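Enquirer: coords please:
(one chain, ligands or ions: 1)
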Amino acid sequence: MPEMVVSMELGYCKAGILHADIEFVKKKKGIDGIETLEKILKSMGAKASINQVMKMKPAENVSVEFRKMFLDACFQVFDKDPEKIKEMGRNSPSISPLQKLVLGHFMTPEKAIGYAPKFWRENYTAGELVVLEINREKNYVRLAIKNFPVSKVFCIHLAGYFEGVGKLTKVISVTCKEMKCVHDGAEFCEFEIRSG
Ligand SMILES: [Zn+2]
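Expert: Presented below is the predicted three-dimensional model:
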């Protein structure tokens with residue numbers, strides 16, 4: 001078990017979340033991309049490596065501090081293109097076997113939304129996911145992430161992740177936009193998910 005940076009505020013997340021992203025980088029940028037990631041992480045002073053994280057079980061804990069550094073490094077590998085980070089998030093629920101297994105039980109988007117706060121608690125030891133509004137007439141849902149100021153790149157990834165979850169619930173098209181963000185001075189991050 002590699003030594004991880006402990007952050008009391010941001011806590012831990014499951015290694016499975018990182019496994020999905022590492023697979024995505026490997027698919028898009030090959031083994032060279034992974035090597036570049038390792039180099040960037042080392043230069044950032046990360047206390048763990050991709051190699052160590054890959055050896056962990058999906059349910060093992062990785063510090064969110066490392067998660068933050070990892071996403072920042074991915075942002076550099078993808079030439080600072082936010083769309084690629086969003087795509088990485090979108091891809092995440094469909095690659096991780098753990099998440100796929102969990103989401104596979106839910107055929108309707110409404111059930112998935114109802115499950116979202118619990119899903120958050122299972123994957124992150126800090127922060128909170130709150131369902132703010134479910135608007136059935138206009139087909140949108142508003143979610144908030146509270147007390148979890150990781151980084152803007154993390155928020156972009158999360159917006160993509162919500163789109164990916166929607167895709168697994170067999171909705172024709174799902175788009176997610178972050179409407180308010182703690183990194184732009186808001187009290188919490190607010191995401192709007194629209195389905196059509
Ligand atoms: Zn945000």
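Enquirer: neighbours around the nearest residue to residue 145 once chain neighbours are set aside, how many?
Expert: Nearest residue to residue 145, sequence neighbours excluded (CB to CB, 6 or more residues apart in numbering): residue 189, at 4.5 Å. Placement of C-beta: from N, CA and C, glycine included. Residue 189 is flanked by 25 other residues according to other CB atoms under 10 Å.
Enquirer: show me what contacts residue 189?
Expert: Residue 189 sits next to 144-146, 148, 155, 158, 178, 180-182 when contact means CB atoms under 8 Å, 6 or more residues apart in numbering.
Enquirer: which one of those residues is nearest to residue 63?
Expert: Minimum distance to residue 63 across the contacts of residue 189 is 13.5 Å, recorded for residue 148 (CB to CB).
Enquirer: which SS state does the closest one fall under?
Expert: coil (DSSP: H, G, I helix; E, B strand; the rest coil).
Enquirer: gap between it and residue 126?
Expert: 6 Å (CB to CB, to the nearest Å).
Enquirer: any residues in contact with both of those two?
Expert: With CB under 8 Å, 6+ apart, residue 148 and residue 126 have common neighbours residue 10.
Enquirer: okay, these two: which has more neighbours?
Expert: residue 148 (21 against 17).
Enquirer: what's the neighbour count on residue 183?
Expert: Neighbour number of residue 183 under other CB under 10 Å is 14.
Enquirer: check contacts around it.
Expert: Applying CB under 8 Å, 6+ apart, the residues contacting residue 183 are 149, 151-152, 155.
Enquirer: top of those residues by number of neighbours, please.
Expert: residue 155 (24 neighbours).
Enquirer: quick one: secondary structure of that residue?
Expert: Residue 155 is classified as helix under three-state DSSP.
Enquirer: from residue 87, how far out is it?
Expert: Taken as CB to CB, the span from residue 155 to residue 87 is 15 Å.
Enquirer: ditto for residue 187
Expert: Counting by CB to CB, the gap from residue 187 to residue 87 is 29 Å.
Enquirer: the more surrounded of the two?
Expert: A side-by-side neighbour count of residue 187 and residue 87, using other CB under 10 Å, places residue 87 first with 18 against 9.
Enquirer: which element is that one on?
Expert: Per DSSP states H and E, residue 87 falls inside helix 82-95.
Enquirer: remind me which residues of this protein are low pLDDT?
Expert: 1-8, 94-109, 170-172 (pLDDT under 70).
Enquirer: domain assignment for it?
Expert: 12-80, 93-195 (automatic domain parsing).
Enquirer: would you mind listing what in this protein touches the ion?
Expert: 155, 181, 189 (CB under 5 Å from the ion).
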